[in-house]
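In: how would this look folded up:
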Amino acid sequence: MNIENFYFYSLLSDNAKKLVQENIKPFQLQKQGILYYAGDVCEDFVLLDKGAIRVYVQGEGDETFTLYTVGGGQPCIINTFSTIFSSVTIANAEVEEEIEGWMLNKKILLELLGKEPEYSAYLFSMVSDNIASLVDTIRDIKFLTISERLEEWVFSQKSTSIKVTHEKIAMHLGTSRPVISKLLKDMENEGKIFLKRGVIEVL
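Out: Have a look, this model is predicted:
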């Protein structure tokens, strides 16, 4: 891991770079580890280098719904605002793929935001993009059926051979595994996909 590989680092003054280097704390979390729970207050700003985090809300029982995912180089909206304003988090953040990165405490983050205008503009631009993505998710929930949302999810994946369980898709879309299994079978019957154990082949 090298903090200098982050784009934001190039925006900082020499003094700010030194401040970051002196205060960042490296961390790692394994798959299914929890970065924060709903109700926590984040004390540190997360700089994610590798891996992926799923931010989700918990429904009744084991039902969950994914708000958004965070990949390397991206800020987490909830973590960012919780750290800046000491606000309570409204969701849970679970590690989907083993993560590596750094943590920067609130005091240093606020100092950067106050003294480094280019970094401040960059961070809030990134957060704005993530909020736009979250709004799209809310729009989909409001106006699309679960079948339409499933198709949108399948065809938005980067690979035509998607390694995923029906349970994981159900968790992402906020529904049950049997519902996802039935809808995927309908898609297969329509010639849109081919199902194999643990894999969805997009045709």
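
In: same question for the longest helix along the chain, mean pLDDT?
Out: Using DSSP state H, we find that the single longest helix of the chain is helix 117-143. Mean per-residue pLDDT for helix 117-143: 87.

In: tell me what that helix is packed against?
Out: Helix 117-143 is packed against helix 7-10, strand 64-71, helix 77-85, helix 106-115, helix 146-156, with contacts defined by 3 or more C-beta pairs under 8 Å, 6 or more residues apart in numbering; DSSP states H and E. C-beta coordinates here come from the backbone N, C-alpha and C atoms, glycine included.

In: which stretch among those comes nearest Asn92?
Out: strand 64-71 (8.0 Å; C-beta to C-beta).

In: pull up the pairing partners for that closest one, direction included.
Out: With DSSP bridges as the test, strand 64-71 is paired with strand 44-58 (antiparallel).

In: which outside residues touch stretch 59-71?
Out: 48, 51-58, 76-77, 91, 93, 96, 130, 133-134, 137, 171-176 (C-beta atoms under 8 Å, 6 or more residues apart in numbering).

In: from those residues, list the buried ones, please.
Out: The neighbour-count test (16 or more other C-beta atoms under 10 Å) marks 48, 51-56, 76-77, 91, 93, 96, 130, 171-176 as buried among the contacts of stretch 59-71.

In: follow-up on the earlier one: so can I have CSV of the helices and strands packed on helix 117-143 showing distance to Val202?
Out: Formatted as CSV, those follow (distance: least, C-beta to C-beta, whole Å):
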stretch, distance to Val202
helix 7-10, 32
strand 64-71, 20
helix 77-85, 30
helix 106-115, 41
helix 146-156, 7
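
In: compare those and give me the one nearest Val41.
Out: Comparing these by C-beta to C-beta, helix 77-85 comes nearest, at 5.9 Å.

In: measure the nearest residue to Lys17 once chain neighbours are set aside to Val70 for me?
Out: Spatial nearest neighbour of Lys17, chain neighbours left out: Tyr9 (6.6 Å); criterion: C-beta to C-beta, 6 or more residues apart in numbering. According to C-beta to C-beta, to the nearest Å, Tyr9 stands 19 Å off from Val70.

In: which one of the two is surrounded by more residues?
Out: Shown here are Tyr9 and Val70; by other C-beta atoms under 10 Å, Val70 has more neighbours (23 against 16).

In: would you mind measuring from that one to Ser176?
Out: Val70 is 25 Å from Ser176, by C-beta to C-beta.

In: can you confirm Glu4 is in a strand?
Out: No - looking at Glu4 with DSSP: H, G, I helix; E, B strand; the rest coil, it is helix, so not inside a strand.

In: output stretch 98-105 as CSV, nothing but the C-alphas.
Out: Output of stretch 98-105 as CSV, limited to C-alpha atoms (Å, rounded to 0.1, in the frame of the first residue of the first chain):
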residue,chain,number,x,y,z
GLU,A,98,-10.8,-8.1,1.8
ILE,A,99,-9.9,-4.5,2.2
GLU,A,100,-6.7,-2.6,2.8
GLY,A,101,-6.3,1.1,3.4
TRP,A,102,-5.7,3.8,6.0
MET,A,103,-7.6,5.7,8.6
LEU,A,104,-7.2,9.4,9.2
ASN,A,105,-8.6,10.8,12.5
